[in-house]
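K.L.:
3D, please:
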Amino acid sequence: MDIDAAADLWHLDEIEPVADTPGSLVYRARTPDGGSVVAKLLKQRGMEELAGMDYLAWRRGHGAVSLIARRDNACLLEDAGSMTLEDFRASHGEEAATKVFADILAELHAPSPHPPRPGLTPLARHFRSLTERAAPAHPDHARDLVWAGELARDLLANQNPVIPFHGDLHHENIISQDGTIWRAIDPHGLIGDPAYDVANFFGNPLGRPDITCDTDRILAIAVVTAQVIGCSESKILQYAACHAALSASWSIDGPVSEEDVKDAQDRLGFLKVVRDLLSSEATC
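P.N.:
Prediction:
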């Protein structure tokens with residue numbers, strides 16, 4: 001379905017393009033009653049995001065944007081604003097942004113009276129690019145990647161608890177109108193150990209290893225989020241390290257651009273820092 005068909009289906013007007021990503025086309029539009037909504041049209045590469053739409057349907061607006069309607073590849077979503085948590089972090093600092101993230105995390109992980117949708121992606125399947133890799137994605141970081149693969153297999157074999165969760169929480173996927181009410185967008189729609197839901201937050205803002213590899217920041221995020229999840233700080237860091245390796249694998253496996261290579265280098269740099277932190281913790 002294209003935007004013209006979606007506009008006819010849902011009687012949309014004042015349509016403006018917002019984003020054109022490898023996986024989707026995103027528009028902001030008006031409904032007949034004047035309300036602002038977001039229309040997201042999944043491309044073939046983005047059809048895996050349907051699991052995320054199942055997650056949004058399950059959350060019913062609690063912590064995440066509401067899924068208003070869906071038809072084939074077209075999704076009509078609540079418009080929660082255009083201010084990102086990265087905008088907020090840049091103006092209010094790390095501690096304030098981490099608090100917003102922790103609040104959203106708690107809201108998203110709050111129990112629901114509704115059964116989860118069957119289309120959610122198991123965490124073990126999500127990790128296949130790392131755990132089923134025959135050879136390291138990056139020869140210069142072979143030891144760290146092998147270590148991360150072994151750690152991921154151990155974590156996945158011992159998930160507790162197992163719940164539905166967002167799976168792609170980071171500064172650009174948490175938005176607000178004015179910095180008061182925040183909502184998560186663009187979930188992967190995973191089911192597994194909720195400690196993984198913190199992992200991608202560490203790696204953002206993208207392209208800023210001076211921030212993401214700062215050990216004080218890493219430890220501060222682990223302390224706050226471990227309290228929300230109800231697990232050890234080590235577990236948060238372990239999943240963060242495994243996600244960094246997984247993300248590097250995705251960058252190498254996909255169309256390798258200069259940006260992919262830079263992102264992989266940043267993720268692998270973060271992986272090394274966290275592995276050293278975990279090793280220091282183990283010897284204390």
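K.L.:
can you pull the contacts of the closest residue in space to R183 that isn't next to it in sequence?
P.N.:
Spatial nearest neighbour of R183, chain neighbours left out: A80 (3.8 Å); criterion: Cβ to Cβ, 6 or more residues apart in numbering. Using the backbone N, CA and C atoms, a C-beta is placed for each residue, glycine as well. A80 makes contact with V65, I175, S176, Q177, I181, W182, R183, I185, according to Cβ atoms under 8 Å, 6 or more residues apart in numbering.
K.L.:
Would you show me how to pick out the buried ones of those residues in ChimeraX?
P.N.:
To isolate the buried members of those in ChimeraX, using 16 or more other Cβ atoms under 10 Å:
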select :65,175,176,182,183,185
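K.L.:
State the distance from the residue nearest to R183 to R128.
P.N.:
Separation of A80 from R128 (Cβ to Cβ, to the nearest Å): 31 Å.
K.L.:
And for A74?
P.N.:
28 Å.
K.L.:
next one: D216
P.N.:
34 Å.
K.L.:
neighbour count winner among the two?
P.N.:
More neighbours surround R128 than the other of D216 and R128, with 11 against 8 (other Cβ atoms under 10 Å).
K.L.:
what's the pLDDT at the more buried one?
P.N.:
We have a pLDDT of 93 for R128.
K.L.:
Same question for P136.
P.N.:
Here the pLDDT value assigned to P136 is 61.
K.L.:
Centre of the chain to the strand or helix carrying A244, how far?
P.N.:
Assigned by DSSP states H and E, A244 falls within helix 233-253. In this view, helix 233-253 has its centroid 12 Å away from the chain centroid, taken as Cα atoms, centre = their mean, to the nearest Å.
K.L.:
for the residue nearest to R183, helix, strand, or coil?
P.N.:
Put simply, A80 is coil when judged by DSSP: H, G, I helix; E, B strand; the rest coil.
K.L.:
Okay, helices next: where are they in the stretch 101-250 of the chain?
P.N.:
123-126, 128-131, 142-157, 199-202, 209-212, 215-229, 233-253 (DSSP state H, counting those that start in this stretch).
K.L.:
Run through this protein and note the low-pLDDT ranges.
P.N.:
Residue ranges of the chain with pLDDT under 70: 134-140, 253-256, 282-284.
K.L.:
Give me the longest helix you can find in it.
P.N.:
helix 258-283 (DSSP state H).
K.L.:
ok, F165 - how many residues close by?
P.N.:
So F165, with other Cβ under 10 Å, has 27 neighbours.
K.L.:
same deal with N173?
P.N.:
Neighbour tally, N173, other Cβ under 10 Å: 22.
K.L.:
Now for it: which residues touch it?
P.N.:
By Cβ under 8 Å, 6+ apart, the contact set of N173 is H166, A184, I185, D186, P187.
K.L.:
make it 7 Å
P.N.:
For N173, the contact set (Cβ atoms under 7 Å, 6 or more residues apart in numbering) comprises A184, I185, D186.
K.L.:
Narrow those to those in strands?
P.N.:
Counting by DSSP state E, the members of these that fall within strands are A184.
K.L.:
Same list, the contacts of N173, but as TSV with distance to T225 please.
P.N.:
Shown next, in TSV, are the contacts of N173 (distance: Cβ to Cβ, whole Å):
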residue	distance to T225
A184	14
I185	19
D186	20
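K.L.:
out of the contacts of N173, who's nearest D260?
P.N.:
Nearest to D260 out of these is D186 (Cβ to Cβ; 19.4 Å).
K.L.:
Following the chain past the one helix or strand D54 maps to, name the next helix or strand.
P.N.:
Remark: D54 resides in helix 50-59, with elements defined by DSSP H and E. Next along the chain after helix 50-59, taking DSSP H and E as the criterion, comes strand 67-71.
K.L.:
Go through that following strand and flag the buried ones.
P.N.:
By 16+ other Cβ under 10 Å, the buried positions in strand 67-71 come out as L67, I68, R70.
K.L.:
And it, how far out from the chain middle?
P.N.:
Centre to centre, stretch against its chain (Cα atoms, centre = their mean), the figure for strand 67-71 is 21 Å.
K.L.:
Pull the residues that contact stretch 228-242.
P.N.:
Residues contacting stretch 228-242 (Cβ under 7 Å, 6+ apart): 102, 105-106, 130, 148, 151-152, 155, 194-196, 198-199, 202, 222-223, 225-226, 271, 274-275, 277-278, 281.
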